[in-house]
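> predicted model and sequence below, questions to follow.
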Amino acid sequence: MIKVGVNGYGTIGGRVADAVTKQKDMELVGVTKFTPDYRAKLAIDKGIQVYVPDAEVAVKFAKAKIPTQGTLQDLIKKVDVMVEATDSELATGNKDIYERAGVRAIFEGGEEHELTGFSFNSNCNYDAAKGRKFVRVVSCNTTALCRTLHALKTNFGVKKARAVLARRAADPQEVGKGPIDAVVPDPVTLPSHHGPDVMTVIPDLNITTMAIKIPTTHMHLHSLIVTLGKKTSAEDVVAAFQREQRIMVIEGRMGFKSTSHVIDWARWKERPRNDVYEACIWKESVTVVDDNELYLFLGVQQESIVTPENVDAIRAMMGTASQADSVRQTNSSLGIAEPTK
Ligand code: NAD
């Protein structure tokens with residue numbers, strides 16, 4: 001059993017912790033929680049051992065009558081891998097703690113690539129994570145772009161990729177964030193960081209991106225224009241996506257009219273927290289112009305797309321399973337469909 005701890009039981013950490021408990025080869029030793037709130041109580045109700053960052057926070061938990069098992073320092077002594085899911089600044093500072101304790105750690109993509117020297121996407125570079133002490137699972141948008149561009153690159157070649165990302169302004173519970181009534185170029189100075197971030201995983205890609213923030217909490221939506229390396233048809237491109245792990249080809253004619261309908265699909269599928277682990281590509285949007293210029297819409301559920309990546313990254317670092325085995329186990333535990341052959 002691989003012993004796993006999670007630092008930061010929030011949007012990402014909570015999902016990864018739950019996913020770890022579903023793996024037959026992993027044990028969730030505990031999570032570190034900063035605030036003594038309903039999420040801390042729910043963790044305990046689920047049987048999760050809750051730790052705190054330090055003695056000061058332990059006092060707050062004691063006052064709230066929420067039992068804790070010790071501090072982060074106590075937790076890291078008991079684990080093989082820590083998943084660091086606080087925020088990128090804290091996480092960057094925590095690397096030293098893990099290094100000193102000799103424990104492996106996974107970071108969540110907001111940090112610089114240089115922090116770990118290795119950025120991970122299961123479809124693209126699983127094997128290269130083997131034996132590494134520190135791995136950075138790339139962020140939600142980068143994960144979706146990596147899966148999509150990996151499928152295109154391996155099937156057709158990619159001469160250049162251009163993307164406009166319409167980004168959700170906040171996660172659903174972030175009530176203090178905006179905009180409520182504006183579209184925000186983010187950043188105004190182009191290009192955005194997303195292209196270079198994809199290149200931390202697929203270095204030889206010609207990619208440029210720009211992003212806007214829109215008043216929604218559900219999902220991101222990318223408009224992608226890719227010049228392929230060879231002539232092809234929209235049908236062949238769709239077939240390539242259907243063969244790629246963790247890409248879901250969705251159809252407007254089946255009711256997927258918007259990102260809200262993707263979330264509704266997850267709700268009706270009774271996915272935990274309405275999670276959509278797959279990168280979602282609208283079939284009807286897949287259009288090839290001039291034989292090799294591809295256009296498409298890509299939907300990304302920011303809170304959950306990296307969950308399976310984290311689970312695979314744990315096995316990849318520990319060297320306990322091949323990519324195919326890990327993906328199969330992770331997919332089956334989370335209810336992600338296997339691609340068509
Ligand atoms: P979040 O705010 O939902 O969760 C972070 C949690 O860490 C919170 O519960 C917070 O209370 C807790 N925390 C803060 N200080 C702590 C401390 N000292 N010790 C323990 N816990 C502490 O944030 P998130 O969205 O889960 O983001 C976590 C990381 O994942 C970030 O690096 C982010 O860039 C990355 N990420 C986020 C998303 C997303 O869309 N939310 C997607 C991909 C990657």
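Thanks, I have the structure now. None of these values were measured; they are calculated from a predicted model.
> residue 281 bridge partners, please.
Beta-bridge partners recorded for residue 281 (DSSP bridges): residue 249, residue 298.
> thought it was touching residue 298?
Yes - the pair residue 281 / residue 298 is scored as a contact, 5.5 Å apart, by Cβ atoms under 8 Å. All C-beta spots, glycine's among them, are computed from the backbone N, C-alpha and C.
> of these two, who's got more company?
residue 281 (26 against 23; other Cβ atoms under 10 Å).
> now do the phi/psi pair for the one residue in the chain that gets nearest to the ligand.
Closest residue of the chain to the ligand, Cβ to the nearest ligand atom: residue 10 (1.9 Å). Note on residue 10: backbone dihedrals following degrees, to the nearest 10 are phi -120, psi -140.
> ok, it touching residue 84?
No - taking contacts as Cβ under 8 Å, residue 10 lies outside contact range of residue 84: 11.8 Å.
> state the number of residues packed around residue 71.
17.
> which pLDDT value goes with it?
Residue 71 is assigned 98 on the pLDDT scale.
> ok, it - contacts?
By Cβ atoms under 8 Å, 6 or more residues apart in numbering, the contact set of residue 71 is 51-55, 58.
> which of those residues sit farthest apart?
51 and 55 (11.8 Å; Cβ to Cβ).
> show me the residue at the heart of the chain, geometrically.
By Cα atoms, centre = their mean, the chain has its centre lying nearest to residue 306, at 1.7 Å.
> and that residue, what is it in contact with?
12, 108-109, 137-140, 143.
> the stretch 151-300 of the chain against the ligand: which residues are in contact?
Within the stretch 151-300 of the chain, the positions adjacent to the ligand are residue 171 by Cβ under 6 Å from any ligand atom.
> now the stretch 151-300 of the chain, which segments are flagged as low pLDDT?
Nowhere does the stretch 151-300 of the chain drop to pLDDT under 70.
> just to revisit the earlier point, for the residue of the chain closest to the ligand, what are its contacts?
Per Cβ under 8 Å, 6+ apart, neighbours of residue 10: 39, 85-86.
> can you check residue 79 too?
Listed by Cβ under 8 Å, 6+ apart, the contact set of residue 79 reads 3-5, 29, 103.
> also residue 207?
Counted by Cβ under 8 Å, 6+ apart, residue 207 has contacts 145, 149, 160-163, 195, 198-199.
> can you redo those residues as JSON lines with neighbour count and secondary structure?
Formatted as JSON lines, these follow (neighbours: other Cβ atoms under 10 Å; DSSP: H, G, I helix; E, B strand; the rest coil):
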{"residue": "145", "neighbour count": "30", "secondary structure": "helix"}
{"residue": "149", "neighbour count": "23", "secondary structure": "helix"}
{"residue": "160", "neighbour count": "14", "secondary structure": "strand"}
{"residue": "161", "neighbour count": "24", "secondary structure": "strand"}
{"residue": "162", "neighbour count": "16", "secondary structure": "strand"}
{"residue": "163", "neighbour count": "26", "secondary structure": "strand"}
{"residue": "195", "neighbour count": "21", "secondary structure": "helix"}
{"residue": "198", "neighbour count": "28", "secondary structure": "helix"}
{"residue": "199", "neighbour count": "16", "secondary structure": "helix"}
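> now do the strands in the stretch 201-341 of the chain.
Using DSSP state E, counting those that start in this stretch, the strands of the stretch 201-341 of the chain run over 207-214, 220-228, 247-250, 279-282, 287-289, 293-300.
> quick one: buried residues of stretch 50-68?
Using 16 or more other Cβ atoms under 10 Å as the test for burial, stretch 50-68 gives 50-53, 57-58, 61, 66, 68.
> go on, stretch 210-224?
210-214, 216-222, 224.
> how long is that stretch from one end to the other?
11 Å (Cα to Cα, to the nearest Å).
> so which of the contacts of residue 207 comes closest to residue 250?
residue 145 (17.3 Å).
> please name the nearest non-neighbouring residue to the closest one.
residue 198 (4.9 Å; Cβ to Cβ, 6 or more residues apart in numbering).
> look up the closest residue to residue 156, ignoring the ones flanking it.
In space, residue 156 is closest to residue 228, 4.2 Å off (Cβ to Cβ, 6+ apart).
> all set, thanks.
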